[in-house]
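Colleague: Fold the following and give me the result.
(one chain, ligands or ions: 1)
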Amino acid sequence: MSFGSEARDYDILVAGGGMIGTSLAIALAPLGVRVGIVEAVARSAAGQPSFDERSTALSRSSQRMFTAMGLWDAIEAASTPIRHIHVSDRGRFGFSHIDAAEQGVEALGYVVINRVLGGVLQDALAALPGIDSICPGRIVGVEHDSDRVLATIDEGGQARTVSGSLLVAADGARSSVREMLGIGASHVDYGQRAIIGNLLPERPHGNHAYERFTETGALALLPVSEERVAFVWILPHAEADALVESRDDEFTARLQDAFGWRLGRFSRVGVRASYPLALSKASRLTAQRAVLVGNAAHGLHPVAAQGFNLGLRDVAALCDCIADRVADGCADVGDALLLERYADWRRDDQRKLVGFTDGLVRLFGDRRRSVSVLRDLGMLGFDLLPGVRRLFARHTMGLAGRLPRLSRGVPLG
Ligand SMILES: Cc1cc2nc3c(=O)[nH]c(=O)nc-3n(C[C@H](O)[C@H](O)[C@H](O)COP(=O)(O)OP(=O)(O)OC[C@H]3O[C@@H](n4cnc5c(N)ncnc54)[C@H](O)[C@@H]3O)c2cc1C
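Modeller: The predicted structure follows:
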């Protein structure tokens, strides 16, 4: 590896240009701070790990945030609204539903394919002249001097060092930047994989999202365009591996058996892919002149479709902290006070969502009879007590707790 001479200095250096890092760089633009974003995998590469064929259910707070960033019209045009959520337990009596009208909202969330969302975000990023995008480039080292953080970037065998007041690690659940910063993380392997893809149901989806808990794991069907539904099917490793490779008709029959006939006969299943599922949690959110956001801070099981939404709230809170600093005329956006404010703000929301998601996986994964009864009571109670349902809906819509400006739909600039 040779060492290039070009050195750059930023206010904020974003490590990782996936769904969260790219959203952060765009959100920072109105503040007039100098931003550099470093992404390891070329945007057009088939193996881009963030902008792939998965579907993401965007919460109301994410919708508000993209509205404040001026991106919502483009995202809405490429997404499908969820107006009803139906939760059931295969082979048991209980089921629950949440309705957008009952919550007094237009939609409970919006489903968008990551690759499509990635296109909107990357076009927006490319149109912002003040942001330097270093891609493909991988951060391979982090050091500090008295008032800067220095990152070494490998750009196809060439290395260069860039510096910033603040380094934001947005490089995913297996974050190497987090490790370089000396922040530990816990990992719990759920022993499961999520198979994703889409298919055509016989009946119109009617903007319903379905979550069905089965003997082996959860199955979610989300409404997408052209009357298709996207599925996320969680199964033990071995079963998932066999199914992802199985013939289309075999796969469709198994999925039909797991879901039932509420949407009629399934056909025309598309390409499938699978993802190992784990819970990862950073031991702290900050290090000297550095913070963690998105999956680098918390990698969740997709059962409640909350990982990206939670990560966007990290972005919104961080942007609020930085915006206040800029408004005060303070040039340093990476000092200890700012880091502490960010960490204090995010701790509670992250702890609740991690606990809620992990609890759901364990509750619905446990087939013992006593737990099943509890589960049914929970689901019935949930359905019979509108207050409980409303609270749950507010959490899944990302509207609970103290919200930063962007999550309330208030632009920063
Ligand atoms: C099956 C499935 C379904 C899901 N559904 C939903 C949903 O419906 N709703 C929801 O809110 N969430 C959902 N999620 C979670 C969501 O996908 C993640 O929370 C989100 O992708 C996290 O984005 P990120 O940018 O933090 O991390 P990543 O997507 O992992 O991106 C990290 C980026 O950093 C880059 N990188 C890594 N190392 C370096 C380095 N050293 N230098 C430079 N760049 C680097 C990578 O190339 C990558 O582009 C789902 C997850 C799964 C697995």
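
Colleague: Assumed A101 was part of a helix.
Modeller: No: the assignment for A101, made by DSSP: H, G, I helix; E, B strand; the rest coil, is coil rather than a helix.

Colleague: Ignoring the adjacent residues along the chain, who's closest to the most centrally placed residue in the chain?
Modeller: In the chain, the centroid-proximal residue (CA atoms, centre = their mean) is F308; its distance is 1.4 Å. Once flanking residues are discounted, F308 sits nearest to T56: 5.2 Å by CB to CB, 6 or more residues apart in numbering. Where C-beta positions appear, they are placed from N, C-alpha and C, glycine not excepted.

Colleague: In three-state terms, how would that neighbour be classified?
Modeller: Per three-state DSSP, T56 ends up strand.

Colleague: what bridges to it?
Modeller: Beta bridges link T56 to V112, judged by DSSP bridges.

Colleague: Any figure for the gap between it and A46?
Modeller: From T56 across to A46, the span is 19 Å (CB to CB, to the nearest Å).

Colleague: of these two, who's got more company?
Modeller: Counted by other CB atoms under 10 Å, T56 and A46 do not tie: T56 has more neighbours, with 23 against 7.

Colleague: helix/strand/coil for the residue nearest to the centre of the chain?
Modeller: Per three-state DSSP, the secondary structure class of F308 is helix.

Colleague: Who are the contact partners of G16?
Modeller: For G16, the contacting residues are 38-40, 169-172, 175, 177, 294, 296, by CB atoms under 8 Å, 6 or more residues apart in numbering.

Colleague: Out of these, which are close to the ligand?
Modeller: Checking the contacts of G16 against the ligand by CB under 6 Å from any ligand atom, the ones in range are 38-40, 170-172, 177, 294.

Colleague: Most neighbours among those, please name it.
Modeller: A170 (32 neighbours).

Colleague: pretty sure it is in contact with A25, am I right?
Modeller: No: here A170 lies out of contact with A25, judged by CB atoms under 8 Å, at a distance of 9.0 Å.

Colleague: between these two, what contacts are shared?
Modeller: Common contact partners of A170 and A25 (CB under 8 Å, 6+ apart): 14, 17.

Colleague: Quick check: closest non-adjacent residue to the residue of the stretch 301-413 of the chain found nearest the ligand.
Modeller: When scored by CB to the nearest ligand atom, the stretch 301-413 of the chain has G307 as its residue closest to the ligand, at 2.7 Å. Spatially, and ignoring its direct neighbours in sequence, G307 is nearest to L300 (4.4 Å; CB to CB, 6+ apart).

Colleague: Which residues of the stretch 201-350 of the chain lie near the ligand?
Modeller: Counting by CB under 6 Å from any ligand atom, the stretch 201-350 of the chain sits next to the ligand at 232, 275, 294-295, 302, 305-309, 311.

Colleague: Find the pair from the residues you listed with maximum spatial separation.
Modeller: In those, two members sit farther apart than any others by CB to CB. They are V232 and G294, at 18.9 Å.

Colleague: the helices in the stretch 51-200 of the chain, which residues?
Modeller: Under the criterion DSSP state H, counting those that start in this stretch, helices of the stretch 51-200 of the chain are mapped to 60-68, 72-77, 114-126, 176-180.

Colleague: For the second one, buried residues please.
Modeller: Neighbour-count burial for helix 72-77 flags 72, 74-76 (criterion: 16 or more other CB atoms under 10 Å).

Colleague: How far does that helix sit from its chain's centre?
Modeller: How far helix 72-77 lies from its chain's middle: 18 Å, per CA atoms, centre = their mean, to the nearest Å.

Colleague: Repeat that for the first one.
Modeller: Its chain's C-alpha centre and that of helix 60-68 lie 14 Å apart, by CA atoms, centre = their mean.

Colleague: got a list of contacts for that helix?
Modeller: 27, 58, 72, 75-76, 105, 107-110, 308-309, 312-313, 315-316, 397-399, 403, 405-412.

Colleague: Give me the subset of the residues you listed that lies in strands.
Modeller: Using DSSP state E, the members of these that fall in strands are 58, 109-110.

Colleague: Just give me the neighbour total for the closest residue to the ligand within the stretch 1-150 of the chain.
Modeller: Of all residues in the stretch 1-150 of the chain, G18 sits closest to the ligand, at 2.4 Å by CB to the nearest ligand atom. The number of residues packed near G18 is 26, by other CB under 10 Å.

Colleague: same question, L24
Modeller: Using other CB under 10 Å, the number of residues around L24 comes to 26.
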